[in-house]
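Chemist: Return atomic coordinates for the entry below.
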Amino acid sequence: MKQVAGFVNIMLLVFATSSVWAAAPTLPKGLILLQPRPAPALKLKDMDDNAYDLRVAQGRWKFVHFWASWCGPCRREMPSIQRMLEHMQGSSLEIVLINVAESEDTVFSFLASVAPDVNSLLDTDGLATEQWQPRGLPSTYLVDPQGNIRYVAIGGRPWETKEYIDFLLALLAHSDK
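Modeler: The predicted structure follows:
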């Protein structure tokens, strides 16, 4: 009976997702569609000591990315994120990078060498990361304008490639309707 109930729940999710997202873009490799759930709280300061609150930033898609300088895939991915920022400049996508439990000096030195135009929030005590519970680093969540997590990518991605840029632009275009 549990298998039938599980199958019914999956089919309801597929139906609901397909009817709501009928015009949704093709999912790029490594991006996982999730059952929408509210994004955890996220209140941190960036490297310039500016406060950020995810709840206040509702109303547009957010690219929420957890990373660390000691993480090999994060190190390789960060230049890709900088190039993605260039492609997405002028769009309504909000890029939110969160460094996991490293000092400001470590973060600043790392970004200066691989992605000098990128700013990051600092989760120096790891508490925000603990609330989000990424299954690994890097982890990226796409949060919809209503504050719900819709997609996750675990591991590094070539975010600046056409496949990912087209997907992100289609999400933004679809939410503007």
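Chemist: wait, L171 sits on L142?
Modeler: Yes - when contacts are counted by C-beta atoms under 8 Å, L171 is listed as touching L142 (7.0 Å). C-beta here means a position set from N, CA and C on the backbone, and glycine is covered the same way.
Chemist: what bits of the chain have low per-residue confidence?
Modeler: For the chain, the stretches with pLDDT under 70 are 1-24, 176-177.
Chemist: can you do 80?
Modeler: In the predicted model, the chain carries pLDDT under 80 at residues 1-25, 175-177.
Chemist: all helices in it, in order from the N-terminus.
Modeler: In the chain, the segments counted as helices under DSSP state H are 2-20, 72-88, 104-114, 127-132, 162-175.
Chemist: mind listing what G155 touches?
Modeler: Residues near G155 by C-beta atoms under 8 Å, 6 or more residues apart in numbering: G30, P73, G136, P138.
Chemist: Hmm, the first one is touching R157, no?
Modeler: So the one you mean is G30. Yes - with contacts counted by C-beta under 8 Å, G30 reaches R157, the gap being 5.6 Å.
Chemist: quick one: which of those two has more around it?
Modeler: Higher neighbour count among G30 and R157: R157, with 22 against 15, using other C-beta atoms under 10 Å.
Chemist: about what we covered before: anything in contact with each of L171 and L142?
Modeler: Common contacts of L171 and L142 (C-beta under 8 Å, 6+ apart): W61.
Chemist: I'd like to know how far F167 sits from P138.
Modeler: Note on F167: its distance to P138, by C-beta to C-beta, to the nearest Å, is 17 Å.
Chemist: Between these two, point out the one with more neighbours.
Modeler: Regarding F167 and P138, a neighbour count based on other C-beta under 10 Å identifies P138 as having more, with 24 against 20.
Chemist: Relative to A51, how far out is that one?
Modeler: 24 Å.
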